[in-house]
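>>> Need a 3D model of the sequence below.
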Amino acid sequence: MAHGGQLATAVATAHGIETMFTLSGGHVFPLYDGAVKGEPPMRILDVRHEQTAVFAAEATAKLTRTPGLAVLTAGPGVTNGMSALTTAHFNGSPLLVLGGRAANTGWGRGALQELDHPPMLAPVTKHAGTVGSVEAIPGAVDAALRLAATPHRGPVFLDVPIDVLFSHTEVDLPRITPREPVMPDPEGVDRVARALAAASRPVLVLGSDVWTNRAEDAARRAAEAMGLPVIANGMGRGVLPAGHPLLVTRARSRAFREADLVIVVGAPLDFRLGYGNFAAVCQLTDAPGQFAAHVELAASASGDLTLVLDGLAAAWRPASYAEWVAELRQTADAAVAADAEELGSDADPVHPARIYGELIRRLSDDTVIIGDGGDFVSFAGRFVEPRRPGCWLDPGPYGCLGTGLGYAIGARIARPDAPVVLLLGDGAAGFSLMDVDTLVRHRLPVVIIVGNNGIWALEKHPMRFLYGYDVAADLAPMTRYDEVVRALGGAGELVTAPGQLGPAIERALDAGVPYLVNVVTDPAVAYPRTTMGL
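As a prediction, this is how the structure comes out:
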């Protein structure tokens, strides 16, 4: 005999979920009681904004590759989490969000926070529904977690009326069984192999789903067996470690321009990949619904990505791309060499690239690097190359600012022994910096580096280019974000000169507490982008 909250948390625990991310709300008290009294108990990590709870749950899902869990109270608790849920939708992150809901008894009378959530969330979830009875809770939660973890992965939302959560019943819990891998269509894999056989300048793009599908080893095997030049995208970064001879991400412009075939694995053909406008493109996905509809594919295959990639390598007709790889390697090496001046810049005000020049040399192989921002984090995407897979988190194609603190919290939980470094634009800091309080209360040390140029650089510079002036693009100069962190119980310091950077970063890495390095950078320096993604 158990109440609804106990039933929901027991099923979540059986699926391997160890942490519930939440912000306290009366509609979901039984879920907290279920977590506290569970066998074993489930950790409850409470935050200062509901979007942070969902972002933290998504980060654990990304890094552990098991579904994350966020619990949001009714009404504004759920709506506050919608941008984070949408981010998880675009990222294909397995996630269950359990929402509170006004009681079934008396529905429609205007109870506190009475809102029908599922219609709003249906477009950005794999399923959004209401659990109507306490007896239905175990089956509904089990089905939701299975759906979230089934390729193509994504978030699922369930709300449960408060009277249902408080109700008791005696039911058998579902039996949790492992999911069988989806076998790819051999003919699809063969068509991709034939397209590759006809190419002389192919490129292999590895995207986030390579990591999410646990196919990183297969991707490296395939790239090395076939000798293909590789460009990393999203959480595909690190599948080939920094310095690998086949990794030519820094030559991506030339590679995409001159390639006669681009094979994209585990990534959508969105703005980050020029919408797939290549000479020819093949797409390998974890589910048929992920194939691009806006471009004609030369060939495609879907299924378990380890099986797809191993199948492609087996079907590949041996050929040599050594000359093509050497050309791209030369271009990539030249780009890296050209970075040296900016990475070592002694300019005053600080050039944002100098931050990365100091940071990169101090990163360990297992450091989890998180980007949350526009212009400042664009530099991170250019300069920071992870040495292992599963060590890079960014907002993904939805481009939602405010992911940073939630991702940092989730990363600290998922990787308790690894350093966590959050790269935060000063604009992005305004979305979630209060959740440093969460880091402090739960004793989660994180290094936060703020690129503080006092502007919305991603908007200010293009607007001035278009109109000759800008509006709504300025922030207060030299805002003391480090003092905000100190006021919340962490530590930090202000950096205004390039020579101060290295020692400040070392102090942050050694601090053992949330530590913010607030770097005042030159607002005149804009990231040299070629597209705004529009």
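>>> Tell me which other helices or strands the host helix or strand of Thr79 touches.
Per DSSP states H and E: Thr79 is located in helix 76-80. Packing partners of helix 76-80 (3 or more Cβ pairs under 8 Å, 6 or more residues apart in numbering; DSSP states H and E): helix 50-64, strand 95-101. Where you see a C-beta, it was placed from the backbone N, CA and C, and this is true even at glycine.
>>> Out of the ones you listed, flag the one nearest Gly390.
The closest of those to Gly390 is helix 50-64. By Cβ to Cβ, the value is 6.0 Å.
>>> Beyond that closest one, next helix or strand please.
Following helix 50-64 in sequence, per DSSP H and E, is strand 68-72.
>>> export that next one as PDB, just CAs?
C-alpha atoms of strand 68-72 as PDB (Å, rounded to 0.1, in the frame of the first residue of the first chain):
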ATOM      1  CA  GLY A  68      16.800  12.700 -16.000                       C
ATOM      2  CA  LEU A  69      14.000  13.700 -13.700                       C
ATOM      3  CA  ALA A  70      12.600  17.100 -12.800                       C
ATOM      4  CA  VAL A  71       9.600  17.800 -10.600                       C
ATOM      5  CA  LEU A  72       7.700  21.100 -11.100                       C
END
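>>> Point out where this structure drops to low pLDDT.
Residue ranges of the chain with pLDDT under 70: 530-534.
>>> Grab the longest helix from it for me.
Determined from DSSP state H, the single longest helix within the chain is helix 322-343.
>>> Which neighbouring elements make contact with it?
helix 252-258, helix 352-360, helix 375-383.
>>> May I see the buried residues of the helix holding Thr79?
Going by neighbour count (16 or more other Cβ atoms under 10 Å), the buried part of helix 76-80 is Gly77, Val78, Thr79, Asn80.
>>> Kindly provide the distance from Thr13 to Ile176.
Noted for Thr13: a distance of 10 Å to Ile176, by Cβ to Cβ, to the nearest Å.
>>> Who has more neighbours out of the two?
Neighbours around Thr13 and Ile176, counted as other Cβ atoms under 10 Å, are more numerous at Thr13. The numbers are 20 against 13.
>>> Surely that one and Arg43 touch.
No. Judged on Cβ atoms under 8 Å, Thr13 makes no contact with Arg43 at a distance of 10.7 Å.
>>> So Ile231 lies in a strand, does it not?
Yes. Assessed with DSSP: H, G, I helix; E, B strand; the rest coil, Ile231 lies in a strand.
>>> Against Asp217, how distant is it?
Distance, Ile231 to Asp217, using Cβ to Cβ: 19 Å.
>>> Counting neighbours, go ahead and name the busier of the two.
For Ile231 versus Asp217, neighbours defined as other Cβ under 10 Å are more numerous around Ile231 (27 against 14).
>>> residue contacts, the more buried one?
Contact analysis of Ile231 by Cβ atoms under 8 Å, 6 or more residues apart in numbering lists Val203, Leu204, Val205, Leu206, Val248, Thr249, Arg252, Ala255, Phe256.
>>> Which two among those are spaced furthest apart?
So, the contacts of Ile231 by Cβ to Cβ: farthest apart are Leu206 and Phe256, at 14.4 Å.
>>> So for the two, which sits in the more crowded spot?
Leu206 (35 against 19).
>>> which residues sit in contact with that one?
Per Cβ under 8 Å, 6+ apart, neighbours of Leu206: Ala219, Ala223, Val230, Ile231, Ala232, Asn233, Gly236, Val239, Leu240, Val265, Gly266, Ala267.
>>> Distance to Tyr398 for these - can I get that in JSON lines?
Shown next, in JSON lines, are the contacts of Leu206 (distance: Cβ to Cβ, whole Å):
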{"residue": "Ala219", "distance to Tyr398": "24"}
{"residue": "Ala223", "distance to Tyr398": "28"}
{"residue": "Val230", "distance to Tyr398": "25"}
{"residue": "Ile231", "distance to Tyr398": "21"}
{"residue": "Ala232", "distance to Tyr398": "20"}
{"residue": "Asn233", "distance to Tyr398": "15"}
{"residue": "Gly236", "distance to Tyr398": "17"}
{"residue": "Val239", "distance to Tyr398": "22"}
{"residue": "Leu240", "distance to Tyr398": "26"}
{"residue": "Val265", "distance to Tyr398": "21"}
{"residue": "Gly266", "distance to Tyr398": "17"}
{"residue": "Ala267", "distance to Tyr398": "14"}
